[in-house]
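Undergrad: From the sequence below, what's the structure:
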Amino acid sequence: METRLPAPLAPGAKVAILSPASIIRPEYVEGACATLRHMGFSPEVMPHTLGACGSFAGTHAERLSDLCRAMADPVVDAIICSRGGYGCAHLLGELDAGPSLWRRPKWLVGFSDISALHALWGKHGISSVHASMTKHLALGAGDPLNRRLLSLLSGNGLPPVEWTAPADAAAANRSGVATATLRGGNLAVISALLRTPFDPFIAGSILLLEDIAEPIYKVERIMWQLRMSGVLGQLAGLIVGQFTDYRPSRDHDSMEKMLARFAPDVPGPVAFGAPVGHIDANHPVLLNATATLRVDGARASLSW
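TA: Residues are numbered from 1 along each chain as shown. Modelled structure (predicted):
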């Protein structure tokens, strides 16, 4: 499927902030609104963004309502999720079944649990942005990553992301060049979508992976699933982002060393250590869009 890029945000564009998953701290949303105004946009906090229902920011119906309202509003040009956590998977079926919601492509910004929504956007052939959310936006318009996000949303393009693999994973890099649709995000989230209508593991894609607080053995279990299902062998390329907040195990000194065992399954270029994931320097990347991955030894770049 050919992907569609949402229209660039013009000065004064309306940007909806909503919480499709877990509870968010109000000060992050307030700070993000201030930054967006400074950037020249008009933020709108959706009705249930600051709500609470157990660990969620609202009931199923409330979170769904906010998303549907933002997607259907002809004045809203972009949707920025307040945070991840857990809960987006609840909404996929009903959002997917609303054909009127997909008539005009809109920007979606977020990561972590928002990876489920990125998969949905990808199913409908719409590009989206894997990037930090309100907590980082609250740092202000002068933050370099916020400026990169603004450049992308405003139609000025996204500079290439360049990095060097860590020493314990550089040997697992495979040099080469691949140009294909970039898909993926949080490994635990998207692995649960395998063989569903929202499956982002599409043959011929470049796959981006990151995760947080998952034990090595659980990530290894998922990688075995991707190996045995044939996913890894059908990729155009693989990008391993940041896997954070885990403990070494008796079987593996690091997550990267474990993941390196699966790199030979991928026929195209493989790059470890991408600055994407649950880190302060979480670089915005454009998903569901054609990208070029270049790997030369320990060094790699991703461009659009």
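Undergrad: And Ser127, how close does it get to Cys53?
TA: As judged by Cβ to Cβ, to the nearest Å, Ser127 and Cys53 stand 31 Å apart. The C-beta positions use only the backbone N, C-alpha and C, and glycine is treated the same way.
Undergrad: of those two, who's got more company?
TA: When Ser127 is set against Cys53 and neighbours are counted by other Cβ atoms under 10 Å, the residue ahead is Ser127, at 23 against 15.
Undergrad: Quick check: bridge partners of the closest residue to the more buried one other than its chain neighbours?
TA: The shortest distance from Ser127 to any residue that is not its chain neighbour, by Cβ to Cβ, 6 or more residues apart in numbering, is 4.1 Å, and that residue is Ala289. Beta-bridge partners for Ala289, by DSSP bridges, are Leu182.
Undergrad: ok, the spatially most central residue of the chain - contacts?
TA: Centrality entry for the chain: nearest residue to the mean C-alpha point is His130, 3.2 Å, by Cα atoms, centre = their mean. Neighbour list for His130: Gly110, Phe111, Ile114, Ser115, His118, Gly185, Leu208, Val276, Pro284, Val285, Leu286, Leu287 [criterion: Cβ atoms under 8 Å, 6 or more residues apart in numbering].
Undergrad: can you map out the strands along the chain?
TA: Along the chain, counting by DSSP state E, strands occupy 14-18, 42-45, 76-81, 107-110, 128-130, 161-164, 176-186, 206-212, 237-244, 270-272, 285-287, 289-296, 299-303.
Undergrad: For stretch 175-193, measure first residue to last.
TA: Using Cα to Cα, to the nearest Å, the end-to-end distance of stretch 175-193 comes out at 29 Å.
Undergrad: Which residues are in contact with Phe243?
TA: Contacts for Phe243 (Cβ under 8 Å, 6+ apart) come out as Glu210, Asp211, Ile212, Glu214, Val219, Met255, Glu256, Leu259, Gly277.
Undergrad: correct me, but the fifth one touches Asn186?
TA: This points to Val219. No. Between Val219 and Asn186 no contact is recorded; they are 11.3 Å apart, counting by Cβ atoms under 8 Å.
Undergrad: ok, these two, which is more surrounded?
TA: Asn186 (26 against 21).
Undergrad: That one reaches Phe111, doesn't it?
TA: Yes. The pair formed by Asn186 and Phe111 meets the contact definition of Cβ under 8 Å, at 6.9 Å.
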